Each structure stands twice: as C-alpha cells, then as structure tokens.
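Chemist: structure for this input, please:
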Amino acid sequence: MLSMFDTAIILQIFVLLNPLSSFPVLMSAQKKKLDVGSIAIKASVAAYAVAVCIILFGPQFFSLYGISINSFRIAGGVILFLLGVETVRPKPVREEVNEVDSLIAIIATPLLTGPAVMSFLTIRTIEMGVLPVLVQATGAFFVVGLVFWLFSLFLPRINPKVIEIVSKVMGLFLTAIAIEMIAKGSTALFASLATA
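Modeler: A predicted model of the protein is given here:
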C-alpha cells in the first residue's frame, strides 16, 4: 500500500521545485527595496495553485490526446534533464524586472512549477492517485515556503556564491532523477513494443 506521506517523493518534488533558482530574483527585489517576504509567500501560493491544477486535471490530457504514460515519462525526463544541466551551468542573475506582480509570476512559474514539475506530478498522479500526490506536493511546498521565509530573514547576510554552489548540487540531483525517469520510461516502452 502506498504511503500518503512519502518522504522520498516529497524530497524529489522539493528538488524539482528548486527554490534556490528563485533566490536571484528575490535578491533583485531586495535591492529594489521591495517586500521580499510578501513576494515569496504570494509566489509560493500561486505555484502551489498551479501544481494542484496539474494534479487534478493533468492525467485527463492523457486520455484526451491518447498519450501513453511511458512516452510522457520519457518526455518529462528529457525536460528535467535539460533543466538540471541548465541549473549546473552558470547564468546571469536577472534584474530587469521590478514590478511585484511580475516577480511573483516569474517565481511561481516557470521557476517553481515549471514543465519538469508538471510532468513529474502528472506521472506520479497516474501511478499513485490524486490524494497521495496532493499530500506530498503540499508537504514539498510547505518546505519551500519555510525556505523562502528563512531566506527573507537572512537575505542581507547570505553570500550569493553559497547559493550558486548549492544550486549546482541540486542541479546534479535533478539530472539524476531525469535519467531515472528516461530509463524507466524507455524500458517499459520498448517492452510494450516488443510484445505488441
């Protein structure tokens, strides 16, 4: 029986959400004297709302378009792999946006609930059901909110280099999860084609 509270999956969702990717945007908001705590909370709520919609309605698209779970798992793995590589690669801090609503939208999606998270949640919902994934996603977003809250408190003292290093480590985890998804999807897809 599947556990309603699976720590491993909560951690996987948390790594996928990768709140560290949003820190440069929050740092930019801090420089512009905006309310970082408020922006982080609102962005987390917006991202969670998007995730809930994906959990509730994402699997319906499989029936609508006739997509197999294994094909989608491979596609999601490829997206996740590219995201992991992009996270590891150095990139400039974005500072061009200064409107609060725009900052919230950028953090909510694609930085938090992006294509990789949407793919992962859809696949897990098909495999496990709506309620277990909803509980685990809620736990992951709670941790994200806690990280954002702590970050807003200690923002003036945090070295950007530390964030960059930790973010790269999380990028490696993202890449590993992606390879696992691609391998699992490919094995199942080729097995089904062989028996067809």
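Chemist: and the contacts of whatever helix or strand L103 lives in?
Modeler: Counting by DSSP states H and E, the element that carries L103 is helix 100-106. Helix 100-106 is contacted from outside by V25, S28, A29, L34, D35, S38, I39, K42, A43, A46, R94, V97, using Cβ atoms under 8 Å, 6 or more residues apart in numbering. Using the backbone N, CA and C atoms, a C-beta is placed for each residue, glycine as well.
Chemist: looking at these, which are in strands?
Modeler: Per DSSP state E, strands hold no members of the contacts of helix 100-106.
Chemist: of those, which belong to helices?
Modeler: V25, S28, A29, S38, I39, K42, A43, A46 (DSSP state H).
Chemist: can you select the buried ones from those residues in ChimeraX?
Modeler: If you want just the buried ones from the ones in helices among the contacts of helix 100-106 in ChimeraX, going by 16 or more other Cβ atoms under 10 Å, the selection is:
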select :25,28,29,39,42,43,46
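Chemist: in a markdown table, list the ones in helices among the contacts of helix 100-106 along with distance to I54.
Modeler: What follows is the ones in helices among the contacts of helix 100-106, written out as a markdown table (distance: Cβ to Cβ, whole Å):
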| residue | distance to I54 |
| --- | --- |
| V25 | 22 |
| S28 | 27 |
| A29 | 26 |
| S38 | 25 |
| I39 | 23 |
| K42 | 19 |
| A43 | 17 |
| A46 | 13 |
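Chemist: thank you kindly, that will do.
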